[in-house]
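[1] generate coordinates for the sequence data below:
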Amino acid sequence: MDIKLIEEFLGKINSVLSSKVVVNKDKEITEIHVLSSMERSPKQISRDVKSALMSKFDLDIDYKVISIAQIDKELTKDDDSRLKLKSVETSITGKRLKVKVILEKDDKVYEGKISGPNTTFNSKRMLATATLEAIEKYLGVEEVFVFEDTSKVNLAGEDVIVTAVSFLASNKEEIYSGSSFIDVDIKESVVKSTLDAVNRRVMRHSIAN
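    Alright, predicted model coming up:
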């Protein structure tokens with residue numbers, strides 16, 4: 001079974017932006033994670049995924065293994081539907097910095113980790129990148145969000161961190177931005193601004209027949 005071929009084929013379904021197929025040791029599909037736009041309902045997309053796999057690969061997939069995450073450009077979702085920051089951990093060894101960001105939703109946690117040279121800007125880049133990795137683990141996808149830039153600005157007499165993130169789909173690229181006022185810990189502000197850039201645009205649906 002060629003997983004990459006299946007993922008590429010699913011990417012051609014209307015409104016699907018990317019997908020990830022997970023198999024067990026027996027090469028049986030146990031999870032299908034789909035990232036899509038909001039143009040069509042999750043159930044419509046799920047039906048298309050099931051039909052496409054049957055017609056192209058002769059694979060009869062249970063709806064329960066399909067989950068749909070959607071990118072919402074309208075930014076209308078409330079805070080209750082979002083991932084929350086649980087913790088930010090950093091450690092320095094010599095000139096290297098290790099970063100671990102843990103996000104949570106519905107009592108489940110999602111972790112992103114990265115290490116690299118401990119420079120002022122690179123430390124912010126690693127904080128944002130670890131955050132994006134944790135978000136992608138929640139969504140069940142890989143390499144769809146990329147850190148672009150972060151900057152500190154002054155707004156109404158207060159310091160604010162603003163972060164830009166690219167969203168990469170199979171046929172397009174978009175830039176999202178998020179912000180967070182700096183309270184005590186600038187590290188948390190970088191993470192929160194990155195989360196803000198993506199969080200308002202993401203919905204997740206588990207599909208069951």
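
[2] residues in contact with the biggest helix by length in the chain?
    If you go by DSSP state H, the chain has its longest helix at helix 120-139. By CB atoms under 8 Å, 6 or more residues apart in numbering, the surrounding residues in contact with helix 120-139 are 33, 35, 69, 83, 88, 90, 97, 99-103, 105, 110-116, 142-147, 150, 163, 165, 187, 190-191, 193-195, 198-199, 202, 204. All C-beta spots, glycine's among them, are computed from the backbone N, C-alpha and C.

[3] can you list contacts of the helix or strand that it is followed by?
    Going down the chain from helix 120-139, the next helix or strand is strand 145-155, by DSSP states H and E. If you take CB under 8 Å, 6+ apart as the criterion, strand 145-155 is touched by 124-125, 128-129, 132, 135-136, 159-168, 175, 182, 186, 190, 193-194, 198.

[4] these two touch, right, residue 54 and residue 48?
    No: Residue 54 sits out of contact with residue 48 when judged by CB atoms under 8 Å, with a separation of 10.8 Å.

[5] more neighbours: these two, which one.
    Neighbours were counted for residue 54 and for residue 48 using other CB atoms under 10 Å; residue 48 has more, 18 against 12.

[6] name the element that one belongs to?
    For residue 48, the enclosing helix or strand under DSSP H and E is helix 42-57.

[7] report all helices and strands that that helix contacts.
    Packing partners of helix 42-57 (3 or more CB pairs under 8 Å, 6 or more residues apart in numbering; DSSP states H and E): helix 3-10, strand 29-37, strand 66-71.

[8] what's the spacing between the residue most central in space within the chain and residue 3?
    Relative to the mean C-alpha position of the chain, the nearest C-alpha, by CA atoms, centre = their mean, is the one of residue 136, at 3.2 Å. The gap separating residue 136 from residue 3 is 17 Å, by CB to CB, to the nearest Å.
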